[in-house]
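Asker: here are the coordinates; sequence isn't available:
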Ligand SMILES: Nc1nc2c(ncn2[C@@H]2O[C@H](COP(=O)(O)OP(=O)(O)OP(=O)(O)O)[C@@H](O)[C@H]2O)c(=O)[nH]1
Ligand SMILES: [Mg+2]
């Protein structure tokens, strides 16, 4: 059987997690329109008759600004060791520039094949796509370049075939039915965080983290942490309307994940400067 690990690298918000979900044929990573959605390394595992492809979804490349982003960038750097290939993701709606070159410099130096995915082509005219492909091709000695849309699925099957062809002969690293290495409580917490990111703006999404305190047969209890009292008021909303909306959006997905109906109990709490708190970051697995 062919099996191996492919690191997914790129700037924040280019669609790495959306693409990992598309390649795995199911949701393993949360997604949002805010940069820095992914904070830890996540394996998305796709197993077939003759293959096991482990996609290593990563935070976006960034200049660290605090202990949280430092940990995130350290995760990115460490994850390049012992991968069989890299999938470099670019956003074709944006100018391919210094940020992408910075990532490219790193991944083309690894000595493993680099497959470039030019993502979000659903938003571009063919002429413009061709232009962006040319610019992308100048980033480095790529093994292959694929225009894709992680959102519509366009080009994803071809990209997957390309990645499978790069895998070496290897063992089954994970049981056939396993889709991710993320523990269940963290998956649940992430789904709640995804909805909080979706519904908030500016500095608030970056200040949110979620911890599941209790994962019972009938009820899930989770704490939504923010850094300040005013962020807490935003998260709670008028008469509790915001936290209620977060719960309403997250519950069906959590029920789908756990395959049972649930009561979702969300509490919003202030934890000042949790992004600078090493113990908290460790507890969160970041
Ligand atoms: N139009 C379009 N939007 C996309 C596509 N792929 C992803 N997006 C959107 O791009 C945004 C970012 O997607 P993510 O998958 O969270 O991006 P990411 O690279 O994982 O971001 P970080 O984890 O923050 O580094 C979301 O709003 C997605 O819906 C695509 O193919 N087409
Ligand atoms: Mg992501």
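Answerer: Alright, I've got the coordinates. Quick caveat: nothing in here was measured; it's all calculated off a predicted structure. Numbers count the residues shown, from 1 in each chain. Ligands and ions are numbered 1, 2, ... in the order given.

Asker: Could you work out the end-to-end span of stretch 36-53 for me?
Answerer: The stretch stretch 36-53 measures 25 Å between its terminal residues, going by CA to CA, to the nearest Å.

Asker: should've said stretch 115-128
Answerer: From its first residue to its last, stretch 115-128 covers 21 Å (CA to CA).

Asker: And for stretch 139-155?
Answerer: First-to-last residue span, stretch 139-155, CA to CA: 21 Å.

Asker: do that stretch and ligand 2 meet?
Answerer: No - under the criterion of CB under 5 Å from the ion, ligand 2 is not reached by stretch 139-155; the shortest gap measures 10.8 Å. Using the backbone N, CA and C atoms, a C-beta is placed for each residue, glycine as well.

Asker: Let me see the mean pLDDT of that stretch.
Answerer: For stretch 139-155, the mean per-residue pLDDT is 98.

Asker: What residues of that stretch count as buried?
Answerer: Neighbour-count burial for stretch 139-155, with 16 or more other CB atoms under 10 Å as criterion, is recorded at 139, 142, 145, 146, 147, 148, 149, 150, 151, 155.

Asker: which residue sits closest to the fourth one, ignoring its sequence neighbours?
Answerer: Spatial nearest neighbour of residue 146, excluding adjacent residues (CB to CB, 6 or more residues apart in numbering): residue 159 at 4.5 Å.

Asker: For the one you found, give me its contacts.
Answerer: By CB atoms under 8 Å, 6 or more residues apart in numbering, residue 159 lies in contact with 23, 87, 115, 117, 146, 148.

Asker: and the protein, which residues reach ligand 1?
Answerer: Those residues of the chain that sit near ligand 1, judged by CB under 6 Å from any ligand atom, are 10, 12-18, 31-33, 35-38, 59-60, 119-120, 122-123, 149-151.

Asker: Of these, select the buried ones using a PyMOL command.
Answerer: The PyMOL selection below is limited to those of the residues of the chain next to ligand 1 classed as buried (16+ other CB under 10 Å):
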select buried, resi 10+12+13+14+15+16+17+18+31+32+36+37+38+59+60+119+120+149+150+151
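
Asker: From residue 233, how far off is the residue sitting furthest away from the middle of the chain?
Answerer: In the chain, counting by CA atoms, centre = their mean, residue 239 sits farthest out from the average C-alpha position, at 32.1 Å. Between residue 239 and residue 233 the computed distance is 12 Å (CB to CB, to the nearest Å).

Asker: ok, now residue 85?
Answerer: Between residue 85 and residue 233 the distance is 46 Å, computed by CB to CB.
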